[in-house]
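Q: quick check, what structure comes out for this input:
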Amino acid sequence: MRDACIKMLSEIYTCDIIDANGAFEALLRWSLAYSRSKAVLKLTTANETGFSMEHRSNVTVADLKNTCAKYRHSAAKVIRLQSLSSLQPLVSDLDIDLKVMFLVRDPRALLVSLYGWVRNLTAVNKALERHSGDRSPAENSDYDIPMLNADFVKQYCDWMTLNFEQISNPADWLRGRVKILRHEDISFDPRAKAEEVYDFLKIGIHSDVTQWIQENTNAPLKARYGVMETRRNSKAMVYTWRYRTLFSEVEDVQRICSDAMAVFGYRKLDSLAELRNLSVPTIL
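A: Residues are numbered from 1 along each chain as shown. Here you go, the predicted model:
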């Protein structure tokens with residue numbers, strides 16, 4: 001998995017695209033890429049028809065490489081990379097001017113989304129069991145939600161501390177290449193954090209970016225937002241987990257993630273009253 005991830009990143013950053021069909025198939029799995037990407041829309045315009053798999057025979061590898069090469073910067077969101085050290089070949093072997101935004105979130109806030117995912121999956125599996133009268137091992141409806149929470153949170157916090165150590169004591173190749181971002185800081189002041197990121201990258205921030213931030217992080221408040229919804233009230237979303245989590249669960253996370261919370265500046269809560277009182281900060 002790690003080698004495949006690094007190979008994919010190297011192809012993105014060097015525009016070393018070798019399979020046009022594969023590139024198009026990947027884009028079609030991500031609707032935002034082909035509906036909003038200026039690079040993709042330019043290829044679509046060249047074909048004078050809508051963007052679909054029918055065009056894969058019309059667009060060559062050379063077309064994709066040339067389009068990619070026109071852009072000075074390339075970015076990728078990576079969510080399954082265990083260690084920053086895995087990125088070393090991109091710098092040492094390919095001489096890529098790599099910069100990393102290392103994004104973390106309060107592990108206590110992850111509980112709500114994890115509960116929702118597991119409960120939905122459990123409900124589906126139980127429905128399948130009732131319908132078919134049988135189930136495969138992969139359709140196990142007897143999930144132990146608290147145990148899954150503990151395992152998931154421990155893995156996440158171990159990942160946080162592992163990479164914090166690499167950032168705090170960086171190898172020569174990593175020095176000056178990583179900026180830590182906390183989800184909560186971005187939510188409280190997305191404009192300021194965006195400016196920090198662009199400054200770190202030594203890129204001027206475009207007015208389209210600041211306009212998008214203004215329009216999409218100050219949405220009217222509502223009871224619930226969709227999982228993939230892009231327009232939200234970012235400030236209001238920061239502490240919603242504090243109303244949806246049991247204090248006993250918070251205590252468990254604080255015990256499991258004590259080290260991670262300390263190094264990333266997350267304050268522990270000592271009672272149910274503190275959990276529900278939003279004037280009590282959770283960020284140091």
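
Q: how about the contacts made by S258?
A: For S258, the contacting residues are K268, taking C-beta atoms under 8 Å, 6 or more residues apart in numbering as the criterion. All C-beta atoms are positioned from the backbone trio N, CA, C, and that covers glycine.

Q: V153 versus that one, what's the distance?
A: Applying C-beta to C-beta, to the nearest Å, one obtains 12 Å for the distance of S258 from V153.

Q: cool, N21 as well?
A: Per C-beta to C-beta, N21 is found 40 Å from V153.

Q: neighbour count for those two, which is higher?
A: When N21 and V153 are compared for neighbours, V153 comes out ahead with 21 against 12, by other C-beta atoms under 10 Å.

Q: any idea which residue sits dead centre in the chain?
A: The residue at the geometric middle of the chain, judged as the C-alpha nearest the mean C-alpha position with C-alpha atoms, centre = their mean, is I79 (5.3 Å).

Q: now it, what's its secondary structure?
A: coil (DSSP: H, G, I helix; E, B strand; the rest coil).

Q: just the strands from the stretch 151-284 of the chain, written as ranges.
A: Using DSSP state E, counting those that start in this stretch, the strands of the stretch 151-284 of the chain run over 178-182.

Q: where does the prediction get shaky in it?
A: Per-residue confidence for the stretch 151-284 of the chain (pLDDT under 70) gives these ranges: 219-232.

Q: mind listing the helices for it?
A: Defined through DSSP state H, counting those that start in this stretch, the helices belonging to the stretch 151-284 of the chain, from first to last, are 183-188, 190-201, 207-216, 234-237, 241-244, 247-256, 258-263, 272-276.

Q: R2: which of those is closest?
A: The closest of those to R2 is helix 258-263. By C-beta to C-beta, the value is 21.8 Å.

Q: so what does T240 look like in phi/psi?
A: When quoted as degrees, to the nearest 10, the phi and psi of T240 stand at phi -60, psi -30.
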